[in-house]
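Novice: sequence and predicted model, in that order:
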Amino acid sequence: MASNRTLLVLPGDGIGPEVMNEVRKIIAWMGKKRAVGFDIQEDVVGGAALDKHGVPLSDDTMKLALEADAVLFGSVGGPKWDTADFSKKPERGLLRLRKEMDLFANLRPAKVFDALVDASSLKPEIVKGLDIMIIRELTSGVYFGEPRGRHTNAQGEVEAFDTQRYTAGEIRRVCAVAFELARKRKNKVLSAEKANVMHTGVLWREEATKLHKEQYADVKLEHMYADALAMQLLRSPNQFDVIVTDNLFGDILSDEASMLTGSLGLLPSASLGAPDATGRRKALYEPIHGSAPDIAGKGLANPIAETLSYAMMLRYSFDLGREADLVEQAVENVLAAGYRTGDLMVGKTEGTKKVGTQEMGDAIVRELDRLA
Ligand code: NAD
């Protein structure tokens, strides 16, 4: 369906194309039943691009990504390309997209569906109803700060070093995303750093506090040291709504939070850039899982993480909150009805039905039909 919404679809490698096929069914359903259409371009990335163009992301694909309203990404990588030169590894394709689109805010929801409360590694009473959003700063901090490297020091010993560096502006822009998002949720932000031992932590806390006072005083803001937060996430995760933190702490804490929910196959993410003059942000949506070479091509992959990434795209890039709610509700109902891909066959499995990728996708579309 023609529309003024442009979407670049990059299925990638391994299970990426398989789970993307299921999302295509939902895209078609939305076009037909809700008149939500996209001008869709599709291209190769990762190993598939390496095979076709000799690079993990071509300049032409990069251009399409920069022009699109949103990019829906699958996954990249696999044993076939393990021996590729470092600069040509499939994952470099994703890193280039993130860098050139300047996607500085990484949104990682961790939500526990009632039907899967037993699949968590924590007790059901601790994770029941869990619904938190971790926002990780993605383009600065210790993974990018200079100087970095290794050398032999004056004592003749090899030493290696990285630099944690943040500007006030980098902190403010990611905190602003957290406050904006909190306003649409439970209106609570927890900002995490190590202001007790790090200069960047002190600046982080100062800037979060200043921005809050200037523009977001209606949102509740709390601060916590990142190590204390790591403990609290396991002790009582339900106390949190939106959490914002830097690149390194966010990397670790968002992985920890994702494990509260059960399976990698369920977890979506969004990476957002700065708004332009029209308010449009560059954006890329992807499941947090990789290309899962161990199950690729077997019809076993869980398409829910990709489906929920698509729902995030509807919500954050196109302001289609009702349609996003509908997709999320359909997923929740299908899980409640007992449909399970193999990765979800943990904990209590009585009354469940083991299904493959396509059956799961079809069940979600049938549920959309029922709900609409
Ligand atoms: P992975 O996420 O691909 O797989 C980890 C485990 O989870 C595997 O057992 C896999 O079968 C399972 N799993 C993952 N997604 C699933 C799904 N949707 N349904 C059912 N089971 C699922 O991580 P890995 O094995 O460490 O990496 C495999 C490849 O993916 C590597 O080449 C890695 O570099 C790449 N990778 C890519 C991305 C990305 O594209 N963003 C992210 C992580 C890893």
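Specialist: Looks like it arrived, so ask away.

Novice: in terms of helices and strands, where is whichever residue of the stretch 151-300 of the chain sits closest to the ligand?
Specialist: Going by Cβ to the nearest ligand atom, the ligand is nearest to Gly290 of the stretch 151-300 of the chain, at 2.4 Å. The way it works is simple: take the backbone N, C-alpha and C, and place the C-beta from them, glycine included. Secondary structure assigned from DSSP states H and E places Gly290 in neither a helix nor a strand.

Novice: do I have it right that it meets Gly14?
Specialist: Yes - Gly290 is in contact with Gly14 according to Cβ atoms under 8 Å; the separation is 7.3 Å.

Novice: what sits in contact with each of those two?
Specialist: Here Gly290 and Gly14 share the contacting residues Ser75, Val76, Gly77, scored by Cβ atoms under 8 Å, 6 or more residues apart in numbering.

Novice: the residue of the stretch 1-150 of the chain found nearest the ligand - how many residues pack around it?
Specialist: Here the residue of the stretch 1-150 of the chain nearest the ligand is Gly77; by Cβ to the nearest ligand atom that distance is 2.5 Å. A count of neighbours around Gly77, defined by other Cβ atoms under 10 Å, yields 24.

Novice: gap between it and Glu222?
Specialist: Distance check for Gly77 against Glu222: by Cβ to Cβ, to the nearest Å, it reads 38 Å.

Novice: next: Ile27.
Specialist: Counting by Cβ to Cβ, the gap from Ile27 to Glu222 is 39 Å.

Novice: between those two, who's got more neighbours?
Specialist: Remark: of Ile27 and Glu222, Ile27 carries more neighbours, 19 against 12, as counted by other Cβ under 10 Å.

Novice: check contacts around the residue nearest the centre of the chain.
Specialist: Nearest to the mean C-alpha position of the chain, counting by Cα atoms, centre = their mean, stands Ser269 at 1.6 Å. Contact analysis of Ser269 by Cβ under 8 Å, 6+ apart lists Asn106, Leu107, Arg108, Pro109, Tyr285, Glu286, Pro287, Ile288, Ser309, Met312.

Novice: isn't Arg34 up against Leu368?
Specialist: No - counting by Cβ under 8 Å, Leu368 is not a contact partner of Arg34; they are 9.2 Å apart.

Novice: one step back: take the contacts of Ser269 and keep only those in strands.
Specialist: The strands, defined by DSSP state E, take in Asn106, Leu107, Arg108, Pro109, Tyr285, Glu286, Pro287 from these.

Novice: which per-residue confidence value corresponds to the last one?
Specialist: With respect to pLDDT, Pro287 scores 97.

Novice: shared neighbours of Arg34 and Leu368, anything?
Specialist: Listed as contacting both Arg34 and Leu368 by Cβ under 8 Å, 6+ apart are Leu326.

Novice: who has more neighbours out of those two?
Specialist: Neighbours of Arg34 and Leu368, each counted by other Cβ under 10 Å, are more numerous for Leu368; the result is 23 against 15.

Novice: check what pLDDT that one gets.
Specialist: 98.

Novice: and for the closest residue to it other than its chain neighbours, the neighbour number?
Specialist: Counting by Cβ to Cβ, 6 or more residues apart in numbering, the nearest residue to Leu368 once its immediate chain neighbours are dropped is Ala330, at 4.8 Å. Residues lying near Ala330 (other Cβ under 10 Å) number 24.

Novice: same question for Gly342.
Specialist: 16.

Novice: my read: it touches Asp294, true?
Specialist: No - taking Cβ under 8 Å as the definition, Gly342 is not a contact partner of Asp294, at 11.0 Å.

Novice: coming back round to it: on the three-state scheme, the residue nearest to the centre of the chain is what?
Specialist: Assigned state for Ser269: strand (three-state reduction, DSSP: H, G, I helix; E, B strand; the rest coil).

Novice: and it, bridged to which residues?
Specialist: In this entry, Ser269 is beta-bridged to Glu286, by DSSP bridges.

Novice: tell me the contacts of Thr139?
Specialist: Arg98, Lys99, Asp102, Leu103, Phe104, Glu170, Asn247 are the contacts of Thr139 under Cβ under 8 Å, 6+ apart.

Novice: next up, identify which helix or strand it is on.
Specialist: Secondary-structure assignment from DSSP H and E places Thr139 in no helical or strand segment.

Novice: where's it relative to Glu67, distance?
Specialist: 20 Å.

Novice: check Met231 too.
Specialist: Relative to Glu67, and taking Cβ to Cβ, Met231 is found at 44 Å.

Novice: also Ala274?
Specialist: For Ala274, the distance to Glu67 - Cβ to Cβ - is 16 Å.

Novice: then Leu264?
Specialist: Distance from Leu264 to Glu67, by Cβ to Cβ: 31 Å.

Novice: now swap in Ser269 and tell me
Specialist: Going from Ser269 to Glu67 by Cβ to Cβ gives 22 Å.

Novice: state the pLDDT value of Asn4.
Specialist: pLDDT, Asn4: 82.

Novice: so which residues on the stretch 201-350 of the chain come close to the ligand?
Specialist: Proximity of the stretch 201-350 of the chain to the ligand (Cβ under 6 Å from any ligand atom) is limited to residues 264-265, 286, 289-295, 301-302, 305, 341, 343.

Novice: mind redoing it with 8 Å?
Specialist: When proximity is defined as Cβ under 8 Å from any ligand atom, the stretch 201-350 of the chain approaches the ligand at 263-265, 286-295, 300-306, 341-343.

Novice: drop anything exposed from those.
Specialist: 263-265, 286-292, 295, 300-306, 341-343 (16 or more other Cβ atoms under 10 Å).

Novice: return the subset of those residues lying in helices.
Specialist: Ile304, Ala305, Glu306 (DSSP state H).

Novice: surely Lys33 and Arg370 touch.
Specialist: No - counting by Cβ under 8 Å, Lys33 does not reach Arg370; the two are 11.7 Å apart.
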